[in-house]
Each structure stands twice: as structure tokens, then as C-alpha cells.
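> what would the 3D arrangement of this be:
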Amino acid sequence: MSSIPLRVMARIDELLREERTLSFEFFPPKTPAGEAQFDRAVAELAALGPSYVSVTYGALGGVRHLTRDVVLRVNREYSFPAMPHLTCVGHSHDEITQLLDVYRRGGVENILALAGDPPDDGAAGGDFRYATDLIEVIRASGDFAVGVAAFPEGHPRSADLAGDRRRLADKLALADFALTQFFFDIDVYRRLVDDLAALGNITPVIPGVMPFTSIAGTRRMAAMNGTSIPSALLRRMDAVADDPESTRRLGVEVATELVRDLLEDGVPGVHLYAMNRSASIREISAALDLGSHPDRHVRPESIPESLS
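Modelled structure (predicted):
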């Protein structure tokens, strides 16, 4: 039997029309040890049959080539698609179109379009400012499914929540789906969906859930992204802050409860931050029976003759 993976339905917008998706987020490794850890995590989580995985992009594209190389390799080696995050801040139009051409020729069918964070001095430069500018270029560069980011509690640089919701609704009208920043209170996600629906949005908004492994790191990321941490959870986090394994177990418990509630709400999918490790994701999946047969998305007509 050939070792080439079975070809799958690869566009995320098509997947969302078929069933609830399960996806994982990774970051591009920078060292040989990090690459080995990444490979191990992807291989272990592949057994859960994810709909797709995503790979983040460094600040100002500093590790753009690492994201590119990882995405192309995962697409070659696994039956599920890998989606690159792509930020436009600090990049020229030619740089972006060249990278999109590489992705198109490499069989990538999904792009997460992000504005990206400017440097501390604000001198980002480049030809783009907003994710909507990037979406236009992606649409012109190939038949990609385009995702965007959504902040349940508002973008940290937004002046007010109402204005942020209107801008997000406008962005979603140009996109095929959205992935949210992580959150800990399901009501903020519910309010996000309700507010967008009131503005006429019909684009799927997939909740992102982070099973945290570091208390200090979680506090820092929450502050950067405008994510509130409920006071009751803060007390629980502080109680285990000096015990890495107890912290990880608490992260699994909190994420499991949140995902259970989201599934009961009928969300279009769940996006879990794997952080290049598999243990927490596997535990959440086992508790909620999230995993499924890895061939669940295969279209019979796309199976190579040698494998049928």
C-alpha cells in the first residue's frame, strides 16, 4: 500500500458546511529540539482525526519561512490540511503575493489573514495596514478559503466595543470563517455571536480555547489580547502557580468544561491551542470523546486508485 496520505476535503469553508470541525494550533519550531517536539505533537494529535491544523506567524513575519516550510511539510505528510497564519504589517505587496504563490503551488487551500502587531515604536512600514487589505490580495492570488481573527471581548486597540463589532462584521463579510482569540467565560463568546448576528453576520465564528500550562504566561497573553480572567479562576490559578503539573491539569479541567459548554451550544467547530504539545489536547479529547476516525473527511472519489 502506498504511504501517500489519502486526499481529503481541504477547504475549511467546505468542511464547516459538512460537520463541526476540530482543529489544533501550532507554532513553527526554531530549533532541532523544537522541531522534534513539534513533529511528535502533530503525529500524536493526528490520531484524533483533526479537520485541519493552523501554524502561527512570527511578529512582523520574522519566522515567515519557518511557517511556510512547516505548513508545506504537514500538507505533504498528513491527510488533513495545514493553514498558515499570514500577517501583513511590515510587508510589501510583492512579498505577500510571492508567498501566496508558493502556498498555492504547494497545495495550500486555506489562509488565516491577520493584520499583525506593529513594533513597539509603531514604525511597521509595508504596503498594508488592515486584514481587509490582505484579504483582497489573497482573493486575487488563488482560490483560497480565507479565515480572519475575532476578539470576543474586542480588539485591544479598539476604542469601543460597538465600533469593534461593526468593523469585525464588515471583515467577516469578506471572509469564509473566523477563529477567536482565547477566552475563559463562555458568555463573552455568546455575546460576540449575538452581536454579530444582530449586524447581519452569517459567517461561522469558531471559538478558540487554550488549555493553559503556565500561569505567568497566561496572565501575560491575556493582558496583551484583552482577555479577562474571571476572579474565581484567578484564585485557582494562583493556588497552583508554583506547580507546573498541577497548572497543566487545571488548564485541562478549565478547557474541558469550556469546550463541553460550547459543544452544547452547537458551535460550528472548536479550535484548540496545542502549543506544540499533545498531552493536554489528548486528555480533553478523551474526556469529551472528540476524536474520530482520521479518514472521516475523505471523499470517495478523491481516494487514489492504488489505495482503493
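> got the contact list for F212?
Neighbouring residues of F212 by CB atoms under 8 Å, 6 or more residues apart in numbering: T218, M237, T247, L250, G251, V254, A255. C-beta: built from backbone N, CA, C; applies to glycine.
> of these, closest to D176?
Comparing those against D176 with CB to CB places A255 closest, at 25.8 Å.
> I138 and R76, how far apart?
22 Å (CB to CB, to the nearest Å).
> A173 too?
34 Å.
> and for L272?
Taking CB to CB, one finds L272 at 23 Å from R76.
> same check, this time on D127
Distance from D127 to R76, by CB to CB: 31 Å.
> same check on S141?
From S141 across to R76, the span is 21 Å (CB to CB).
> for those two, indicate the residue with more neighbours.
Set side by side, S141 and R76 show more neighbours around S141, with 17 against 12, by other CB atoms under 10 Å.
> next up, the contacts around that one.
Contacts of S141 (CB under 8 Å, 6+ apart): T97, L100, D101, R104.
> any idea which element the third one lies in?
The reference is to D101. helix 93-105 (DSSP states H and E).
> who's in contact with that helix?
Taking CB under 8 Å, 6+ apart as the rule, helix 93-105 contacts 61, 64, 68, 71-72, 84, 86, 88, 111, 127-128, 134, 137-138, 141-142, 144.
> mind doing that once more with 7 Å?
R64, R68, P84, C88, D127, L134, V137, I138, S141, G142 (CB atoms under 7 Å, 6 or more residues apart in numbering).
> so which strand or helix has the second one?
It refers to R68. Element membership of R68 [criterion: DSSP H and E] is helix 64-77.
> quick check: next helix or strand after that helix?
Next element after helix 64-77 (DSSP H and E): strand 82-87.
> can I get that next one as PDB, trimmed to CA atoms?
The C-alpha trace of strand 82-87 is given here as PDB (Å, rounded to 0.1, in the frame of the first residue of the first chain):
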ATOM      1  CA  ALA A  82      -2.400  22.800   7.400                       C
ATOM      2  CA  MET A  83      -3.400  26.500   7.300                       C
ATOM      3  CA  PRO A  84      -0.700  29.200   7.600                       C
ATOM      4  CA  HIS A  85      -1.400  32.400   9.600                       C
ATOM      5  CA  LEU A  86      -0.400  35.300   7.500                       C
ATOM      6  CA  THR A  87       0.200  38.800   8.800                       C
END
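> circling back to that earlier point, of the contacts of S141 - the most surrounded one?
L100 (21 neighbours).
> for that residue, report the pLDDT, please.
Looking at L100, its pLDDT is 95.
> what are the ranges of the strands in the stretch 51-200 of the chain?
Listed in chain order, the strands of the stretch 51-200 of the chain (DSSP state E, counting those that start in this stretch) span 52-55, 82-87, 110-114, 145-150, 177-180.
> which residue, other than its chain neighbours, is closest to P268?
Excluding its sequence neighbours, the residue lying closest to P268 (CB to CB, 6 or more residues apart in numbering) is P204, at 4.1 Å.
> now S214
T247 (6.7 Å).
> surely that neighbour touches T213?
Yes - T247 is within contact range of T213, at 6.3 Å (criterion: CB atoms under 7 Å).
> contacts only, for P211.
Here P211 is in contact with G251, V252, A255, L272, S280, I281, I284 (CB under 7 Å, 6+ apart).
> let's see that with 6 Å instead.
G251, V252, A255, S280 (CB atoms under 6 Å, 6 or more residues apart in numbering).
> how far away is the third one from D127?
When distances are taken as CB to CB, A255 and D127 turn out to be 38 Å apart.
> so these two - more neighbours on which side?
A255 (25 against 14).
> and the helix or strand the more buried one falls within, which residues are buried?
Assigned by DSSP H and E, A255 falls within helix 244-264. Neighbour-count burial for helix 244-264 flags T247, R248, R249, L250, G251, V252, V254, A255, T256, L258, V259, L262 (criterion: 16 or more other CB atoms under 10 Å).
> please apply the same query to stretch 101-116.
Neighbour-count burial for stretch 101-116 flags Y103, R104, V108, E109, N110, I111, L112, A113, L114, A115, G116 (criterion: 16+ other CB under 10 Å).
> C-alpha coordinates for that stretch, CSV please?
Extracted C-alpha coordinates of stretch 101-116, given in CSV (Å, rounded to 0.1, in the frame of the first residue of the first chain):
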residue,chain,number,x,y,z
ASP,A,101,2.1,31.9,-4.9
VAL,A,102,4.3,29.4,-3.1
TYR,A,103,1.3,28.3,-1.0
ARG,A,104,-0.9,27.9,-4.0
ARG,A,105,1.6,25.8,-5.9
GLY,A,106,2.2,23.8,-2.7
GLY,A,107,-1.5,22.8,-2.5
VAL,A,108,-2.4,25.1,0.4
GLU,A,109,-6.1,26.0,0.2
ASN,A,110,-6.6,28.0,3.5
ILE,A,111,-5.1,31.2,4.8
LEU,A,112,-5.7,32.9,8.1
ALA,A,113,-5.5,36.7,7.2
LEU,A,114,-4.2,38.9,10.1
ALA,A,115,-3.1,42.5,10.3
GLY,A,116,-0.4,41.6,12.8
